[in-house]
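Colleague: what's the 3D shape of this:
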Amino acid sequence: MAKSKRKRKMKFERVSMILLVVVGCLYLFGSLTMNSMESAMTVRIQQTQEELDDIQSDIDGLNTARQEKLSFDNIREVANSQGYTLSYSNENTASASTDTTTENE
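Modeller: Purely as a prediction, here's the structure:
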């Protein structure tokens with residue numbers, strides 16, 4: 001009887017040791033896999049963030065250009081309503097379109 005208990009104990013120890021090695025290998029493999037996936041996701045997130053920053057700067061540039069155009073159009077409308085014409089070909093940007101001189105003699 002002592003031999004059979006000893007055999008069972010040795011078999012249990014062997015099975016426990018194999019199970020411990022298998023669980024350790026699974027833990028190691030899982031840990032490496034998770035670290036690899038985390039690194040890949042971090043790289044992908046950084047690339048996406050850079051793309052978003054580029055797109056945001058493009059949007060900001062377009063908004064600035066739109067504001068400049070709206071401002072220019074408003075200036076043109078005001079100048080036209082006041083009887084001025086805008087000319088960007090020389091240093092004077094606004095000139096009177098009608099002669100408003102009066103003679104007080």
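
Colleague: show me where the chain has strands.
Modeller: 84-86, 94-96 (DSSP state E).

Colleague: For these, which has the smallest mean pLDDT value?
Modeller: Lowest mean pLDDT within the strands of the chain: strand 94-96, at a mean of 51.

Colleague: hey, C-alpha coordinates of stretch 8-16 in PDB?
Modeller: Only the C-alpha atoms of stretch 8-16 are listed here, as PDB (Å, rounded to 0.1, in the frame of the first residue of the first chain):
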ATOM      1  CA  ARG A   8       0.000   8.200  -6.900                       C
ATOM      2  CA  LYS A   9       1.900  11.000  -5.200                       C
ATOM      3  CA  MET A  10       4.600  10.800  -7.900                       C
ATOM      4  CA  LYS A  11       2.000  10.800 -10.700                       C
ATOM      5  CA  PHE A  12       0.200  13.800  -9.100                       C
ATOM      6  CA  GLU A  13       3.600  15.600  -8.800                       C
ATOM      7  CA  ARG A  14       4.400  14.900 -12.500                       C
ATOM      8  CA  VAL A  15       0.900  16.000 -13.700                       C
ATOM      9  CA  SER A  16       1.200  19.100 -11.500                       C
END
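
Colleague: Need the contact partners of it.
Modeller: Under the contact criterion CB atoms under 8 Å, 6 or more residues apart in numbering, stretch 8-16 has no outside partners. Any C-beta I mention is one placed from the backbone N, CA and C, and that applies to glycine too.

Colleague: Great, nothing more from me.
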